[in-house]
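Give me coordinates for this.
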Amino acid sequence: MAPEVNQLNWLRWSYLPLLLSGVMAFWVGTLLAPVNGYPLRLAVAGWASLGLASLIMAALWGGQFYEPESLKPPMAISITRLPADVPWWLTGLVSKSTIKQMSCAAVGVAAAIGGLLQFYFHTARLTMPLVILVLLGGYFVVAIPRTWLTRAAGGLVAGFALGLLPLLAGFYIQSGHWASELFLYGLPLSFSGFCVYLTQGFRNYASDLETGRLTLVTRLGLISGALVYTLANILTIIGLVLCILLPAVRLPYHQGLWLIILVAVVNQEMIKRRQYRQPQGQTTLWGLTWLVNLGMGGWFLVMVAARL
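Okay, the predicted model is just below:
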């Protein structure tokens, strides 16, 4: 297989952590519904999961299409950046028009599934309006002229999209209601997702500066970005401690969250030692931050499933 094809396959697989993070948060909310006495509708959850994955891919592909031509980095720089941030069309194997078609197709699938959930499965009355709102929000996250992802609040948008929002959606589609308990699990997931966004900025800092690509880290600088990471990481740890000590519904195996807290503490020690300034440290911090995020979502699933 040609090296270019291997590179493109690598780029495809780089989306897997983002998909897993969002879908796991959605299923945490889904399974919290029967824990709180609502019936579990597996067909609804399955179709909604596919719709959520379509929304995530539409945003990722849409972001590639709207990346300005003036910021196009050389091939060598683009391939060494974080894979999930490399526009596929920079490889020369996929055209921008194809990327646009893929994004539009994903939007169409998400909209169709929203209609299926609303009018065939008769889910909560706000299901379709929420799908439309998320589609519009996802568009303005990546598209000109707003491009929220390049603004200071972009990391917060990314964090909530990987944590609280899919968790709330999973619970609401099953039950038609909201519950304050959802914030107990959704907020640490969101703060962890925000940390993931920041580590991407650390890892891409040199190439982003060279190409003029705006991220929160390039706006603030490495030191200020590390301070913001520290705040979000501490909030993640506090959120996990609250999940252990003050859950609204006591869930089994909550002691396992201490292992995830330990990894978050290791990440904070790396920030203290300024590992975010070194390429190897940036990669390690990025990987461990993803471990916190995915480990948290996975363990929440174990806890909730054991409560059923």
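
Now Trp178: closest residue in space that isn't a chain neighbour?
Tyr172 (6.4 Å; Cβ to Cβ, 6 or more residues apart in numbering). For glycine as for every other residue, the C-beta is placed from the backbone atoms N, C-alpha and C.

Low-confidence ranges, the stretch 51-200 of the chain, go.
For the stretch 51-200 of the chain, the stretches flagged by pLDDT under 70 are 65-93, 137-154.

what do you get if the cut-off is 80, keeping everything else the same?
62-96, 133-158 (pLDDT under 80).

Please enumerate the helices of it.
Assigned by DSSP state H, counting those that start in this stretch, the helices in the stretch 51-200 of the chain fall at 75-80, 96-119, 127-142, 154-162, 164-175, 181-203.

Any chance of those in a markdown table with mean neighbour count as columns?
A markdown table is the format used below for these (neighbours: other Cβ atoms under 10 Å):
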| stretch | mean neighbour count |
| --- | --- |
| helix 75-80 | 15 |
| helix 96-119 | 17 |
| helix 127-142 | 17 |
| helix 154-162 | 23 |
| helix 164-175 | 25 |
| helix 181-203 | 25 |
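
With distance to Gly62 added, can I get these in TSV?
As requested, the helices of the stretch 51-200 of the chain are exported to TSV (distance: least, Cβ to Cβ, whole Å):
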stretch	distance to Gly62
helix 75-80	18
helix 96-119	4
helix 127-142	5
helix 154-162	13
helix 164-175	17
helix 181-203	17
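
The closest residue to Ile56 other than its chain neighbours: how many residues sit nearby?
Among residues not flanking Ile56 along the chain, Gly22 sits closest, at 5.3 Å (Cβ to Cβ, 6+ apart). A total of 25 residues lie near Gly22 under the criterion other Cβ atoms under 10 Å.

So Leu117 is in contact with Val44, correct?
Yes - with contact defined as Cβ atoms under 8 Å, Leu117 reaches Val44; the gap is 6.3 Å.

can you list residues touching both of the two?
Thr123, Ile173 (Cβ atoms under 8 Å, 6 or more residues apart in numbering).

Check the gap between the residue nearest to Ile56 and Thr289 for me.
Gly22 is 16 Å from Thr289, where distance means Cβ to Cβ, to the nearest Å.
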